[in-house]
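Engineer: Please find the sequence and the predicted model below.
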Amino acid sequence: MKILFLSITSEIGGADLAMLRTIGELDRAEFQAVVALPEDGPLVDSFREAGAEVVFFPMMRLRKTWNPFWHLKYAVSFGGTCRKMSEFVAENGIDLLHTNSLPNLYGASVSRRARVPHLWEIREIDLRPRIVRNWLVRKAQLGADRIVAMSRTIAKELSLSPERRSVIYGSVDLDSYSPGSDARQNLLGRFALTAETRVAGIWCRFDEWKGLPVAIRAAGLVARDNPGFRLLVAGGPTAGHEHYARELQALADREAPGAVIFTGWLKPGEIPGFVSGLDVAVHASTSPEPFGLVIAEAMAAGTPLVAPRIGSPLELVEHGEDGLLYEAGNPAALAVALKRFLDDRELAAACAESGRRKAEELFDIRKNVRRLESIYRELAGGGQE
């Protein structure tokens, strides 16, 4: 079965990594992946290494902008792009479309034109204004043969109809994350840190809603009482938003001098070692997180996790059992949670162990991709889920 995956970004983000991991786990004897991207990007080689063919179409992402010229450009180009994609589907024997994000409208149109089944995977909840969010959800409900939500939080917040909806959590390769390995020594060596250094880490694309200023300010508060504490900030800005990275660096210099290290982007293969080497993993989003791949990665690594009491962490993290929750957007509350783990190693170890068990239950990529493959077969008429 030949599946065309549609992504409207060519960046490194949670949705992009999740799609990459899904493709890498597909049964290649039965499924052939083709990835459609708007342009070249940092994950293209990784998609190819995972066995996918990569093609490019001039897709555009819906934006929150009042610029009428941008909306006009989107409207004018949309039909032509869908026509080219439909021709590609017909000429290359594509059996099924898999859209990777709610604001990606191309799949619904191409599915209708090319008469192929369409699976729409939804990874977002905080889409504003609400009228736009409701319109997008209606488009998905009408334009997909099956909707897959990445969490129950998404399904609930968007009021997705249960008749043609499935919930499959974001997944990780559990074998790549090794609790108790030598990852900590490798991490300390990579950043020239001493064995006494306590290290927390946050890894994400530098979007404003990811709460990086909250994490940086919290690091400054922790470092006042723990001079050996360091916060590693992995990731970077999207094209055109480099100024935000400079603002974050200035904030760190001012409010957490010497306590914050910006590592730059991590390659997909570097993430497991990075997460496994941390003393504490930090999730800091200030808007409701639809899933939060960071949560799955931290639990898989057996790394104690602190997360905001908003969005999917309320579904996935049991406070005091497999992580700690704190008031979203509050640096002081985050600092308290960090210090609790740093000061209470027994609690940290217990939460890490429970988190690993939860990862094995909910986030195992082998189990979850097998479920997805069953849906593919059902949509293509070859079986039942």
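Structural biologist: Structure's in. What do you need?
Engineer: So what's the gap between the lowest-mean-pLDDT helix or strand in the chain and the chain middle?
Structural biologist: Using mean pLDDT, DSSP states H and E, helix 130-143 stands out as the lowest-scoring helix or strand of the chain, at a mean of 84. Relative to the mean C-alpha coordinate of its chain, helix 130-143 is positioned 21 Å out (Cα atoms, centre = their mean, to the nearest Å).
Engineer: just checking, what packs against it?
Structural biologist: For helix 130-143, the helices and strands in contact under the criterion 3 or more Cβ pairs under 8 Å, 6 or more residues apart in numbering; DSSP states H and E are helix 106-114, strand 118-122. Using the backbone N, CA and C atoms, a C-beta is placed for each residue, glycine as well.
Engineer: Touching, Gly143 and His118? I think so.
Structural biologist: Yes. With contact defined as Cβ atoms under 8 Å, Gly143 and His118 form a contacting pair (6.7 Å).
Engineer: okay, and the common contacts of those two?
Structural biologist: Common neighbours of Gly143 and His118, using Cβ atoms under 8 Å, 6 or more residues apart in numbering, are 107-108, 111.
Engineer: Dump these into TSV; add pLDDT, distance to Arg371 and neighbour count as well.
Structural biologist: Rendered in TSV, the data for the shared contacts of Gly143 and His118 read as follows (pLDDT from 0 to 100; distance: Cβ to Cβ, whole Å; neighbours: other Cβ atoms under 10 Å):
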residue	pLDDT	distance to Arg371	neighbour count
Gly107	94	20	28
Ala108	94	23	19
Ser111	95	21	24
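Engineer: Going by distance to Ile94, which of the residues you listed wins?
Structural biologist: The shortest separation between Ile94 and any of the shared contacts of Gly143 and His118 is 10.1 Å, and it belongs to Ser111 (by Cβ to Cβ).
Engineer: could you check the distance from that closest one over to Met85?
Structural biologist: From Ser111 across to Met85, the span is 10 Å (Cβ to Cβ, to the nearest Å).
Engineer: before we move on, the earlier item: quick check: buried residues in the least confident helix or strand of the chain?
Structural biologist: Of the residues in helix 130-143, those buried under the neighbour-count criterion (16 or more other Cβ atoms under 10 Å) are 133, 136-137, 139-141, 143.
Engineer: Likewise for stretch 162-173?
Structural biologist: 165-172.
Engineer: Adjacent strands (with direction) for the helix or strand that the least confident helix or strand of the chain is followed by?
Structural biologist: Toward the C-terminal end, the helix or strand that comes next after helix 130-143 (DSSP states H and E) is strand 146-149. Take DSSP bridges as the rule and strand 146-149 pairs in its sheet with strand 118-122 (parallel), strand 165-167 (parallel).
Engineer: Does the helix of greatest length in the chain pack against any helices or strands, and if so which?
Structural biologist: In the chain, assigned by DSSP state H, the helix with the most residues is helix 68-91. With contacts defined as 3+ Cβ pairs under 8 Å, 6+ apart, helix 68-91 has these neighbours: helix 106-114.
Engineer: and the closest residue to Ser109 other than its chain neighbours, what is it in contact with?
Structural biologist: For Ser109, the nearest residue in space outside its immediate sequence neighbours is Cys82; the separation is 4.4 Å by Cβ to Cβ, 6 or more residues apart in numbering. Residues touching Cys82, when contacts are defined by Cβ under 8 Å, 6+ apart, comprise 106, 109-110, 113.
Engineer: Thank you, goodbye.
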